[in-house]
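>>> Got a sequence here, can you build the structure:
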Amino acid sequence: MIRGLAYENAVENWLKSHKIKIIARNFKSRYGEIDIIAANVEYIMFVEVKAKKSSAFGTPCEVVDFKKQQKICKTAAIYLAENPQNLQPRFDVAEVYISPNDSIDLHINYIKNAFDFVE
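Residues are numbered from 1 along each chain as shown. Just a heads-up that it's a prediction; the model follows:
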């Protein structure tokens with residue numbers, strides 16, 4: 001869990017460096033959890049953070065399968081019902097690539113609109 005938190009912190013810092021405001025972290029519902037909820041002037045972004053040492057057996061984004069997407073979308077719908085927004089929702093995935101020796105060196109591949117709303 002501590003490593004996951006460090007990766008989420010790295011993505012949060014990346015988002016802030018791109019002038020994106022963090023609204024919430026680890027928002028939970030009965031369906032699951034959204035790692036980061038962020039916004040800019042146009043979008044409210046529901047961000048899933050996934051980390052791997054390599055893409056030899058698939059990219060981190062590929063772990064966000066249809067079932068996971070459904071959980072994220074249901075949780076996002078609950079968030080929006082509780083916190084109405086005038087922003088367009090968007091579902092992003094932040095792929096965090098970890099250096100082979102687990103050092104602090106991380107590479108973030110940020111995928112906008114990684115998937116559409118699914119029910």
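>>> Look up how far residue 97 lies from the closest residue to residue 88 other than its chain neighbours.
If the residues on either side of it in the chain are set aside, residue 88 comes closest to residue 43, at 5.2 Å by Cβ to Cβ, 6 or more residues apart in numbering. Every residue, glycine included, has its C-beta placed from N, CA and C. According to Cβ to Cβ, to the nearest Å, residue 43 stands 24 Å off from residue 97.
>>> do residue 27 as well
With Cβ to Cβ as the criterion, residue 27 and residue 97 are 25 Å apart.
>>> likewise residue 24?
25 Å.
>>> give me the beta-bridge partners of the closest residue to residue 51 other than its chain neighbours?
The shortest distance from residue 51 to any non-neighbouring residue, by Cβ to Cβ, 6+ apart, is to residue 96 (3.9 Å). Note on residue 96: beta-bridge partners by DSSP bridges are residue 51, residue 108.
>>> Show me what the least confident helix or strand in the chain by mean pLDDT is packed up against.
Sorting the helices and strands of the chain by mean pLDDT, DSSP states H and E puts helix 2-17 at the bottom, at a mean of 88. Helices and strands touching helix 2-17, by 3 or more Cβ pairs under 8 Å, 6 or more residues apart in numbering; DSSP states H and E, are strand 21-28, strand 33-39, strand 43-52, strand 88-98, strand 106-115.
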